[in-house]
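Trainee: dropping the sequence and predicted coords here.
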Amino acid sequence: QVQLVESGGGLVQAGGSLRLSCAASGRTFGRNDMGWYRQVPGNRRELVARITSSDITNYADSVKGRFTISRDNAKNTVYLQMNSLKLEDTAVYYCNAPAGYGMGSPFTLWSWGQGTQVTVSS
């Protein structure tokens, strides 16, 4: 069973930056697409960034140009660099391996980790 541990969240002012990390244990994920999701209370979890095993990336329109997803397969870790943060980026951020294609699939291959809280203040 894969375990996912997210870290790097915190409180940041609008316009600031954060870098999130997600370490996977239990198996190597080099052949899997990986994604970063976020969720605010009352809303469903949404996929905001996705990276393929070939390092092809895709982003939700809401974060395009501001967020960058990357991966280090040797460390079994995926990252999310978040720049120019906005109030609406406030959420709990999770990583997982998306099932299916594109940015709309709600299904994932593995169980969720605890997530990391990102709070953007004015």
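Mentor: Cool, the structure landed. Numbers count the residues shown, from 1 in each chain.
Trainee: what sits against the residue nearest in space to the middle of the chain?
Mentor: In the chain, the C-alpha nearest the mean C-alpha coordinate belongs to residue 36, at 1.9 Å (C-alpha atoms, centre = their mean). Residue 36 makes contact with 20, 22, 47-50, 67, 69, 78, 80, 93-95 under the criterion C-beta atoms under 8 Å, 6 or more residues apart in numbering. The C-beta positions use only the backbone N, C-alpha and C, and glycine is treated the same way.
Trainee: cutoff 10 Å now
Mentor: Residues counted as contacts of residue 36 (C-beta atoms under 10 Å, 6 or more residues apart in numbering) are 6, 20, 22, 46-51, 59-60, 63, 67, 69, 78-80, 82, 93-96, 98.
Trainee: check which helix or strand it maps to.
Mentor: Using DSSP states H and E, residue 36 maps to strand 34-39.
Trainee: list the buried residues of that strand.
Mentor: 34, 35, 36, 37, 38 (16 or more other C-beta atoms under 10 Å).
Trainee: one more: stretch 2-13?
Mentor: Across stretch 2-13, burial judged by 16+ other C-beta under 10 Å covers 2, 4, 6, 8, 9, 12.
Trainee: what's the first-to-last distance across it?
Mentor: Using C-alpha to C-alpha, to the nearest Å, the end-to-end distance of stretch 2-13 comes out at 33 Å.
Trainee: do stretch 113-122 as well
Mentor: 28 Å.
Trainee: which outside residues touch that stretch?
Mentor: With C-beta under 10 Å, 6+ apart as the criterion, stretch 113-122 contacts 2-16, 18, 20-24, 37-39, 45, 80, 82, 85-96.
Trainee: apply 7 Å and report the result again.
Mentor: Stretch 113-122 has contacts (C-beta atoms under 7 Å, 6 or more residues apart in numbering) with 4-9, 11-14, 18, 20, 85-87, 89-94.
Trainee: mind checking how far the longest strand along the chain is from the chain centre?
Mentor: Looking across the chain with DSSP state E, the single longest strand is strand 18-25. Using C-alpha atoms, centre = their mean, to the nearest Å, the distance from the centre of strand 18-25 to the centre of the chain it belongs to is 8 Å.
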